[in-house]
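Engineer: Need a 3D model of the following:
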Amino acid sequence: MTDQEIPVTIYKNGKAIATQKKSSANKTFLVYDFTIDAEQAGIQRFDVVAQVAASETNPRNNAASIFVEVVEGKKTILVVAPAPHPDIKALRAVIEKNPNYVFTLHIPGVKDAGADLLKPEKPDLVIFHQAPDNRGNTLQLVKQFMAGGTPALMILGQQSNLKLLPTLGIDLAFESTGQWDEVFGLPADDFSTFVFPENLNNSLTRYPPLITPFGKFGYPPDSKTVLYQRIGSVPTKRPLLWYSDPSVDKSAGSRFALLAGEGIWRWRMKEYDLNENTEIFDSFFAKLIQFLSSKDDKRKFRCFPVKQQFNDTEYVVFESQIFNDVFEPQFGSLVSIDIVNEKGAALKFSYTPTIARPRYQFN
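Structural biologist: A predicted model of the protein is given here:
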């Protein structure tokens, strides 16, 4: 490719809002990074246009449209713990990398988060680190958040009161308590809720072990395993990290995940020692936190296009979903759709979703 400046411009509502130029010298691909201020919440359309070069024979692929959903407000991630711990520092480093998160810590008698932030409806996610603890300092808070349905991640450790977990609605029963073991993590092969960071499996084989409760235990049958335990070189089907989701487990009030071991700070330190960065650790826990803190869609009626944009030759396809009070899918109700163009003219359509045909297409 000859050396030339390739300008790329971002348009919104027909107005150019950002432009970058890069040299094509000795490069097959050019990567442009744009940071654009969000002026309003909701789905935003941006048109990306690369200037047509004099030597181009097919300029039709120089433009594309992208759609970005802007979410209003930052998410509050609250950590409740009985005492300071290096795990908390590792989690804080991950959370504070995301400018859309606010990290808050509450350690009774040591670090007070404030009464207003300790209400169940305030945090988007609460992380219980070794809470409820053996001294009972965090028990009331755990009860409060679990009863209030706040999404939660619980990390067990040697200060955790394991006997209290069933009384809090956590379906977890250990055959014995008081003994601890060292185990390694192993990714679940069938996990697909989010994409694991590349080389996670290789990293987990090199990470130090976590301190976990010794022996067998019972856990929710409908839970989804994220990581299994590996004892020495022997892989097991005993979960190390799993979650319950109300969309699967109807008894679950909200998303709840449990990591049955402490010492993740050693994982982050080891990765830096090996790679001089913590990208894999940070990416994994960032995705877990993002998943757990995402709000469930509780609407009983949803109607949406299956794509954000359709070509002139394509059918426009809408899918409708209708639920009853316990969010079971319902069929047979008439759905009416009004499509309004930029001139205000409306086109009216209606159809009845069925199990075999939940979608409607028109041109």
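Engineer: Pull up the gap between His30 and Ile6, please.
Structural biologist: That one is not His; residue 30 is Leu. Distance, Leu30 to Ile6, using Cβ to Cβ, to the nearest Å: 6 Å. From N, CA and C alone the C-beta is placed, and that goes for glycine too.
Engineer: any shared contact partners between these two?
Structural biologist: 22, 24 (Cβ atoms under 8 Å, 6 or more residues apart in numbering).
Engineer: If you count surrounding residues, which of these two has more?
Structural biologist: Neighbour totals were compared for Leu30 and Ile6, and Ile6 leads with 17 against 14 (other Cβ atoms under 10 Å).
Engineer: Could you give me the buried positions within the helix or strand harbouring the more buried one?
Structural biologist: Secondary structure from DSSP states H and E places Ile6 in strand 5-12. Within strand 5-12, the residues scored as buried using 16 or more other Cβ atoms under 10 Å are 6, 8-11.
Engineer: Export those residues as a markdown table, with columns for distance to Phe331 and pLDDT.
Structural biologist: Formatted as a markdown table, the buried residues of strand 5-12 follow (distance: Cβ to Cβ, whole Å; pLDDT from 0 to 100):
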| residue | distance to Phe331 | pLDDT |
| --- | --- | --- |
| Ile6 | 51 | 84 |
| Val8 | 46 | 91 |
| Thr9 | 46 | 93 |
| Ile10 | 42 | 92 |
| Tyr11 | 42 | 92 |
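Engineer: Isn't Phe318 up against Phe304?
Structural biologist: Yes. Contact between Phe318 and Phe304 holds when scored by Cβ atoms under 8 Å: they sit 6.8 Å apart.
Engineer: more crowded one of the two?
Structural biologist: Phe318 (19 against 10).
Engineer: And the host helix or strand of that one, what does it pack against?
Structural biologist: Element membership for Phe318, per DSSP H and E: strand 316-323. Counting contacts by 3 or more Cβ pairs under 8 Å, 6 or more residues apart in numbering; DSSP states H and E, strand 316-323 packs against strand 301-305, strand 329-330, strand 335-340, strand 359-362.
Engineer: go with 6 Å
Structural biologist: Other helices and strands packing on strand 316-323, by 3 or more Cβ pairs under 6 Å, 6 or more residues apart in numbering; DSSP states H and E, are strand 301-305, strand 359-362.
Engineer: what's the least confident stretch among these?
Structural biologist: Lowest mean pLDDT of those: strand 359-362, a mean of 79.
Engineer: what does that one rub up against?
Structural biologist: The contact list for strand 359-362, computed with Cβ atoms under 6 Å, 6 or more residues apart in numbering, reads 315-319, 349, 351.
Engineer: quick one: which of those is nearest to Tyr243?
Structural biologist: Glu319 (26.6 Å; Cβ to Cβ).
Engineer: Quick check: the gap between that closest one and Gly42.
Structural biologist: Using Cβ to Cβ, Glu319 is found at 20 Å from Gly42.
Engineer: same question, Arg357
Structural biologist: For Arg357, the distance to Gly42 (Cβ to Cβ) stands at 30 Å.
Engineer: what's the closest of the buried residues of strand 5-12 to Ala152?
Structural biologist: Among those, Ile10 lies closest to Ala152 (Cβ to Cβ), at 39.0 Å.
Engineer: Arg302 reaches Glu319, doesn't it?
Structural biologist: No. Contact criterion Cβ atoms under 6 Å: Arg302 and Glu319 do not qualify, at 8.2 Å.
Engineer: Below-threshold pLDDT in the stretch 51-200 of the chain: ranges please.
Structural biologist: Residue ranges of the stretch 51-200 of the chain with pLDDT under 70: 54, 71-72.
Engineer: show me where it has helices.
Structural biologist: Assigned helices in the stretch 51-200 of the chain, in chain order: 86-95, 139-148, 200-206 (criterion: DSSP state H, counting those that start in this stretch).
Engineer: returning to what we had before: what about Glu319 and Gly42, which has more around it?
Structural biologist: Glu319 (14 against 10).
Engineer: Please give me every residue in contact with that one.
Structural biologist: Residues in contact with Glu319 (Cβ under 6 Å, 6+ apart) are 306, 358-359.
Engineer: one more time with 10 Å, if that's ok
Structural biologist: By Cβ atoms under 10 Å, 6 or more residues apart in numbering, the contact list for Glu319 reads 302-306, 353, 358-361.
Engineer: try Phe46
Structural biologist: 10-13, 17-18, 34, 36, 64-68.
Engineer: and if you look at Pro99?
Structural biologist: Lys74.
Engineer: now Leu274
Structural biologist: Neighbouring residues of Leu274 by Cβ under 10 Å, 6+ apart: 203, 206-207, 280.
Engineer: redo that, cut-off 6 Å
Structural biologist: Counting by Cβ under 6 Å, 6+ apart, Leu274 makes contact with nothing.
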